[in-house]
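Peer 1: sequence below, structure please.
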Amino acid sequence: LNPKVSAFQRRFVGEVRRCEEMEKTFTFLQQELRDAGRVLGPCPDSPRAPLAREALRVQEQSEQLAQELREVSRNRASLRGRLRELRQYLHVLREGQRFTSLPAPLGSPPRPRALSEREPILDPSLHQHLDRKINFVAGVIHPWRVSAFERLLWRACRGYLVASFVEMPEPMEDPATGESITWVIFLISYWGEQIGQKIRKISDCFHCHVYPYPESEASRADTMSGLHSQIQDLSVVLEETEQYLAQVLDKVVLVLPTWRVQVQKMKAIYLVLNQCSFDVTEKCLIAEVWCPVRDLTQVQDALRQGSYKSGSSVECFVQRIPTSESPPTLIRTNKFTAGFQSIVDAYGVASYQEVNPAPYAIITFPFIFAIMFGDVGHGLLMFLFALWMVLYENSPSLRQASNEIWLTFFEGRYLILLMGAFSIYTGFIYNECFSKATVIFPSAWSVATMANHSSWRWDSQPSCEPPSRSRPALTPPRSAHSSDYLATHPSLTLDPNVTGVFQGPYPFGIDPIWSLATNHLNFLNSFKMKMSVVLGVVHMGFGVLLGVFNHVHFQQRHRLVLELLPEMVFLLALFGYLVFLIFYKWVKFSVADSMVAPSILIHFIDMFLFTSNADNLPLYRGQVPVQTVLVVLALASVPVLLLGTPLYLCCRRRAPRTGRPAPVAAGEQEPLLEGQEAGNSVNATKEDVESGGHDPDSEHLDFAEIFMHQAIHTIEYCLGCVSNTASYLRLWALSLAHAQLSEVLWTMVMRNGFVRLSYVGGVVLVPTFAAFAVLTVAILLVMEGLSAFLHALRLHWVEFQNKFYVGAGYKLCPFAFAPDAWE
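Peer 2: Numbering: from 1, shown residues only. Model prediction:
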C-alpha cells in the first residue's frame, strides 16, 4: 500500500536489518558446522515468531557463540600451523643428520670424523678447500616445484653447491589448499656468503619453508630433543582445544535450527508489515489482502487473539472492500488430488470461479493412459509400485530424498496408482498379460465343431475365400484329417455360420482364441481404431458441455445459444454421426450378412461430397438425405459461431441501459487510504488486472477486435474438431505399439528360456528371466509408460481442456508458515 516509499524509508527497516544480521551470523555458524563435518538437521517442531525481547536474546546468544567459534577456530588453526612447522623442522633435522653423516666408501680405511663445518662432503681429495667454511640451507618445498627449484639453483649458483632432496616420511596438510601432500625436504651445502644469499632469495620465491640448521651435531641433537617436547605439549593443548570446539559445535547444532526458523518468520512478518500503510493518526496499520470467504471467521479470530496477546488497547478488525480486480484462484487439494491439480495447473491456472478440469481428470486421465498401456502384468507392476509408495508415504527416507526424479514419482504416487489399476482393467479387456492371453472363461469359438465339418476332412479343393477379419484363422497341427486339405490350407478359418462354431460373445474382453489366430492383428486394429474415435468424440463432447457451467455462472447466457449450441451441432452432426454409424453397423449386421456390410469410411467421404456410391450399399433407408441435412446444419453453424457473439455485443452496447443501480452514499465510497480510488486496490498490478478470464462486464469497445477474437476461436474450433478427432487415433497407435513391443520381448527373450525342460534349462532360465525383467521395467514400464503419459497429457490439454478451459488466472499465494518452507 506504499509503493512510492523506498525500502530504506519504511517503518520496520531496522528490524529487517537486524534479522539480516542474525542470518549472516547463522550462515557463519552453519559454515563452521559444515567444515567440521556436522550435518544440521531440520527443526524438530514449528516454533512461533519471537517477540522483540526474545529476538534480542537470540541475537546476543548467537553472536556470543559466533565469537567463541572464531576465537577457538583461530587458536586451533594457530596451534595446527605451529605443530605442522615443528614436525617439518624435526623431519628436516632427521634427514639432514643422515645427509651430513654419510658412511665412508667401501674399502677405504676408517678415519676420525671431522666437524661438520670442515668436513669435505664433496671430494676428500680437494685439500686446498678444507680451510673454507661449509654452510647449509635446509627446509621443505612443494613437490610440484622441486624440478624448477633445482634447475634454477644450478643455473644461478653455477654449480657451487650440493643440493639433496628427499620426500618427507609422512604427508602433511598444505596450509594454502588444505590438501594432504607429501612435502620434499632439501638440504643445500655451499661456500660463500653471496651464494647463500642467492639460495635464500630463490627459496623465498618458491615459497619454501626454510628452517635454521645447526652447524654442530650436538646442537642438532639438542634441537631435536627440544622439538620432541614442544610437539608433545602442543599436541595436548590442541586436543583440549578440539574438545572445547566440539562442545561449542554441539551447542550450535542444538539451537541453530530453531533460531533459523524463528528469525525467518520474524523477517517475513516485518517484510509484510513494511508493505502496509499507516492511517491518518499513524497509530494503526492498514493492509489489503485476498482472503477466502469461508476463512474470514478464522482471520477475525486470529486478529482478535493477536490484539489480546499483544496487550493492544485497539482491537483489530476486518472490513470487506469492493474491487474491480480479478481475484486470485484458490483450489483446495489434498494428497490425493494434488497430483491431478498439478497437471491442470501446468497448462494454466484456472480463472477465478472457472470450471476446474481436475476432478474429471481423476477418471479420464488414468483411463486414457490405460487405453494405450493396457496389459494386466505391466499394470499390476505399476500398481504395486505405487501402492508401496502410498503405504510408506510417511517414511522420512522417501519424503526427504534429494533425487528430483524420485520426488516427481513420489508426488504423483496416487496418479500412478490409478493408472496401474486402470491398466489392469483395460488389460483384461484386451486379454493381454505380458502379451499372452488368459483363459478366464471358456472360448466362445468351438474348434471341435468346425473340425467335424466336412470341408476340413474330405474337401480336397483349396478355398479361394480370404480369411475374414471377424473369423479366426488358425494354424492346425498335422492330424488324422485329410492330408491333401491340410497341405493346401496352411490356415484354417473358423466359420461362424456353421452351427455350433460360434456360441455368442465372450463374457468379458477379447476372446483368447484370437491370440492364436494369424489375423488377430487385423481384428484388433479394427476394434481399437473404432474405439479410439468413439472415445475421442465422447471426450470432446463432454468438454464442450462443461462450458455450460462457465456461461451460466458468469451471466453469459447468450453464449449458450450463440457459441455452445453451434459448437455441439458442428461436432455431433459430423463426428457424432460417425460414432452413430459405427454402433449402427455393429448392431445391424450379423454373421450371416457380414460379407455385404458397407464401408463406413466410404459413406463418411460421400457425406461431404454430397454423393452416393452404388458399390457401397446404404446402411439404412434415406441415408443420403439425412447426411445432406447434417452437413448443411454443420456448415450453417459456422456463421452463427462466427458472427453471433460480435453482433450481440455490438447491439447490446448500442441499446440504452435501464435499471441502473442506485448511487451509493458518499460515506460508503470513502477510501481507507489517501489517494485510493473507491472500489480499487492501490497494490494492484497490470498483470493482475489483465489476468481475469470471465468478467461479464469486460466488453471490448472495438468491434474489429471482438470480431477478430471470435474469428480465431471459430477457425480453431472447426479445424480442431477434425484434427482432434484424428489425434485420438494415437490411442490405437500407442496401444498397438505397446502390445507389439511386449510380444517381441516375450518372443525374443523369455521364450528362449523354455527350450530345455531339464536342469540345464533351469539354470539358463534364471539369467533369461533376469534379462526379461530388466527389459520389461526399462522399456515397457518406464519408456512406454512415459510415452503413454505424455500422449494422455496432450489429449487433455489440447483436445479436452481447449473446449472450455481458459486458464488465465493466477494462484493465491497466502502468507503462511508452512513446515516444509523452513527446512
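Peer 1: average pLDDT across stretch 164-176?
Peer 2: For stretch 164-176, mean pLDDT rounds to 86.
Peer 1: kindly report the same for stretch 367-385.
Peer 2: Mean per-residue pLDDT for stretch 367-385: 95.
Peer 1: please apply the same query to stretch 511-525.
Peer 2: Taken as a whole, stretch 511-525 has a mean pLDDT of 87.
Peer 1: swap in stretch 451-470?
Peer 2: Summarised as a single mean, pLDDT over stretch 451-470 is 50.
Peer 1: cool, stretch 739-754 as well?
Peer 2: pLDDT averaged over stretch 739-754 gives 87.
Peer 1: who touches it?
Peer 2: Outside of stretch 739-754, the residues within contact range by Cβ atoms under 8 Å, 6 or more residues apart in numbering are 374-375, 378, 430, 432, 434-436, 524, 761, 764-765, 768-769, 771-772, 775-776, 779-780, 784. To be clear about C-beta, it is placed using only N, CA and C from the backbone, and glycine gets the same treatment.
Peer 1: okay, buried residues for that stretch please.
Peer 2: Buried residues in stretch 739-754, counted by 16 or more other Cβ atoms under 10 Å: Ala739, Leu741, Ser742, Glu743, Leu745, Val749, Met750, Gly753.
Peer 1: of all those residues, which comes closest to Met266?
Peer 2: Closest to Met266 out of the buried residues of stretch 739-754 is Leu741 (57.7 Å), distances taken as Cβ to Cβ.
Peer 1: surely Met607 and Leu630 touch.
Peer 2: Yes - between Met607 and Leu630 a contact is recorded at 7.4 Å, counting by Cβ atoms under 8 Å.
Peer 1: let's see the pLDDT reported for Ile181.
Peer 2: Note on Ile181: pLDDT of 87.
Peer 1: that one: how many residues sit nearby?
Peer 2: Neighbours of Ile181 under the rule other Cβ atoms under 10 Å: 14.
Peer 1: on that earlier part again, now list the buried members of the contacts of stretch 739-754.
Peer 2: If we count by 16+ other Cβ under 10 Å, those have these buried: 374-375, 378, 430, 432, 434-436, 524, 764-765, 768, 772, 775-776, 780, 784.
Peer 1: rewinding a little: return every residue with contacts to both of Met607 and Leu630.
Peer 2: Tyr577.
Peer 1: assess the claim that Ser387 and Leu417 are in contact.
Peer 2: Actually, residue 387 is Leu. It isn't Ser. Yes - when contacts are counted by Cβ under 8 Å, Leu387 is listed as touching Leu417 (6.3 Å).
Peer 1: those two: which is more packed in?
Peer 2: Set Leu387 next to Leu417 and count neighbours by other Cβ under 10 Å: Leu417 wins out with 22 against 15.
Peer 1: what distance do you get for the more buried one to Asn403?
Peer 2: In this view, Leu417 and Asn403 are 20 Å apart by Cβ to Cβ, to the nearest Å.
Peer 1: and for Gly543?
Peer 2: Using Cβ to Cβ, Gly543 is found at 36 Å from Asn403.
Peer 1: number of residues surrounding Gly622?
Peer 2: Count around Gly622 with other Cβ under 10 Å applied: 9.
Peer 1: find the nearest non-adjacent residue to Glu95, please.
Peer 2: Distances taken as Cβ to Cβ, 6 or more residues apart in numbering place Ile185 nearest to Glu95, at 4.7 Å, with adjacent residues excluded.
Peer 1: helix, strand, or coil at that neighbour?
Peer 2: Three-state assignment for Ile185 (DSSP: H, G, I helix; E, B strand; the rest coil): strand.
Peer 1: which ones are touching the closest residue to Phe434 other than its chain neighbours?
Peer 2: Counting by Cβ to Cβ, 6+ apart, Phe434 lies nearest to Gly377, which is 4.1 Å off, once chain neighbours are set aside. For Gly377, the contacting residues are Gly427, Cys433, Phe434, by Cβ under 8 Å, 6+ apart.
Peer 1: Ala711: which of the residues you listed is nearest?
Peer 2: Gly427 (45.6 Å).
Peer 1: just the buried positions in whichever strand or helix holds that closest one, please.
Peer 2: Assigned by DSSP states H and E, Gly427 falls within helix 413-430. By 16+ other Cβ under 10 Å, the buried positions in helix 413-430 come out as 413-424, 426-430.
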